[in-house]
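>>> Just need the structure, nothing else, for what follows:
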Amino acid sequence: MASKTNDIARTANDPASSVKDVIEQAVARWSADLIELSHSLHREPELGCAEYKSRDKLAEILERAGFTVESPVGGLDTAFTAVAGSGDLTIGLCAEYDALPEIGHACGHNVNGAASVGAALALAAAADELGLRVKVIGTPAEETIGGKAYLLEAGVFDDVAASMMVHASGEDVIRGASYALSMWEVEYTGTPAHAAAAPWRGVNALDAVTIAYHSVGLLRQQVRPGVVLSFVVLEGGQAANVIPARSRALVELRAASTEELHELQARVRNCLEAGALATGASLTVTPQGRDFEPLRHDEFMTTAYAHAMAGLGRAPIDRSDQPRGSTDMGNVSAVIPSIHPSIGYDVERAVLHTREFAAHGATPSADSAVLDGAFGMALVGAALAQSPEQRQRLHQALARPDS
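Residues are numbered from 1 along each chain as shown. I've put the predicted structure just below:
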């Protein structure tokens with residue numbers, strides 16, 4: 001194993017100096033535009049599947065650089081693709097730009113999206129020399145339905161040989177693990193009745209969701225280590241003197257692997273059915289978007305990225321044994337060689353998905369993360385392109401997508 005890792009490290013080194021210079025100069029030339037893009041996204045946060053202004057902001061800078069932009073794509077109104085170069089190897093940059101309700105870019109997607117645009121601009125500047133085709137894929141709604149999964153299903157990634165993005169964080173991380181995830185909306189439908197005059201005529205939907213809530217709570221003792229069960233009741237009736245005829249909840253399930261997620265889904269479904277069985281209410285379970293796969297990190301690309309970061313004075317931490325959150329980039333990585341490292345900046349101990357984290361998203365430290373992330377990803381793309389072995393590997397994988 002050690003010898004294989006050393007072989008990768010020897011080949012995932014700096015690209016030719018001329019290419020590296022072109023990439024560095026391109027990032028520098030576009031730096032003001034990239035920083036303004038990040039700041040503009042941060043000023044005007046938009047929710048998943050409604051990121052019209054955000055999509056247009058990314059598309060505008062790419063069009064200005066000569067990319068051919070298409071939108072909408074893949075059946076999602078706020079998704080887009082932008083392509084430059086005519087080489088036989090397509091490198092994909094996934095750009096996120098959706099925000100969170102009320103707390104804006106508390107997951108740093110303004111940094112993520114701007115860094116991917118920057119990497120694409122830098123790689124496009126060297127595309128002819130590298131024999132590359134550069135494709136930016138604007139991926140909406142990572143925080144909700146999982147736009148990347150829908151775009152995969154629609155074939156938007158079919159021509160992509162390798163894909164990448166960086167994610168905003170308080171630290172630099174490689175090989176970060178993530179959970180497989182699914183989210184369900186749960187609805188119980190009962191029968192209304194006067195709570196004092198004729199309660200026996202009612203079927204209490206609030207009782208049904210209450211039984212389900214407690215059943216899931218008791219299940220937590222019996223699940224595998226690392227499983228995360230989240231349950232929130234959204235609706236449970238409108239008046240105290242009316243037997244509730246409708247209740248709604250959101251259930252979020254996370255597990256270390258897809259197989260464990262499926263096992264968990266079956267057990268939680270039994271808990272939900274228990275609420276319906278005990279009360280006589282009817283149950284409807286509606287998936288909210290696509291299930292997320294756990295992340296898989298391509299070893300060559302990871303090593304090349306870590307090498308690039310070291311050249312910038314960064315020292316990413318390996319977090320392969322510490323799952324944190326979930327992402328639809330896991331779905332991409334399940335079928336395409338990919339990386340999803342975290343790019344760190346000063347957040348003063350704030351954690352993702354908080355107002356405090358969002359407050360640091362347009363600082364000089366965050367701006368440096370945009371430019372460093374762009375530079376690092378561009379060097380990964382160049383390293384892939386300049387290695388005959390890697391080009392052959394990627395072409396073979398693309399020709400046999402089921403392998």
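>>> For the strand or helix carrying residue 392, name the packing helices and strands.
Element membership of residue 392, judged by DSSP states H and E, is helix 388-399. With contacts taken as 3 or more C-beta pairs under 8 Å, 6 or more residues apart in numbering; DSSP states H and E, helix 388-399 sits against strand 89-95, helix 364-386. Quick note: C-beta positions are derived from backbone N, CA and C, even for glycine.
>>> Reformat the ones you listed as JSON lines; add distance to residue 341.
Below are the helices and strands packed on helix 388-399 laid out as JSON lines (distance: least, C-beta to C-beta, whole Å):
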{"stretch": "strand 89-95", "distance to residue 341": "13"}
{"stretch": "helix 364-386", "distance to residue 341": "8"}
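>>> Could you dump those into CSV with mean neighbour count and distance to residue 35 added?
CSV is the format used below for these (neighbours: other C-beta atoms under 10 Å; distance: least, C-beta to C-beta, whole Å):
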stretch, mean neighbour count, distance to residue 35
strand 89-95, 26, 16
helix 364-386, 25, 5
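>>> want to throw those into CSV with mean pLDDT and distance to residue 323?
Putting these into CSV (pLDDT from 0 to 100; distance: least, C-beta to C-beta, whole Å) gives the following:
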stretch, mean pLDDT, distance to residue 323
strand 89-95, 98, 20
helix 364-386, 98, 22
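>>> Quick one: neighbours of residue 232, just the number.
Neighbour count of residue 232, defined by other C-beta atoms under 10 Å: 10.
>>> in what helix or strand does it lie?
Going by DSSP H and E, residue 232 is part of strand 228-235.
>>> before we move on, what about residue 270?
Using DSSP H and E, residue 270 maps to helix 258-279.
>>> Quick one: mean pLDDT over that helix.
For helix 258-279, mean pLDDT is 98.
>>> wait, which of the helices and strands packed on helix 388-399 is closest to residue 125?
Closest of those to residue 125 is helix 364-386, at 8.7 Å (criterion: C-beta to C-beta).
>>> what's the angle from the closest one to helix 388-399?
On the basis of axes from the mean of the first three to the mean of the last three C-alpha atoms, to 10 degrees, helix 364-386 is oriented at 90 degrees to helix 388-399.
>>> Might you calculate how far helix 364-386 sits from the centre of the chain?
Distance, stretch centre to chain centre, for helix 364-386: 18 Å (C-alpha atoms, centre = their mean, to the nearest Å).
>>> all strands of the stretch 201-350 of the chain, in order?
Using DSSP state E, counting those that start in this stretch, the strands of the stretch 201-350 of the chain run over 228-235, 246-255, 282-287, 317-318, 338-339, 342-344.
>>> Pull up the pairing partners for the first one, direction included.
To tie it back to what came earlier, the one meant is strand 228-235. strand 246-255 (antiparallel) (DSSP bridges).
>>> what comes into contact with the strand holding residue 232?
179, 209, 212-213, 216-217, 219-220, 223, 246-255, 264, 268 (C-beta atoms under 8 Å, 6 or more residues apart in numbering).
>>> make it 10 Å
179, 181, 183, 185-188, 205-206, 209-210, 212-217, 219-220, 223, 244, 246-256, 264, 267-268, 271-272, 323, 325-326 (C-beta atoms under 10 Å, 6 or more residues apart in numbering).
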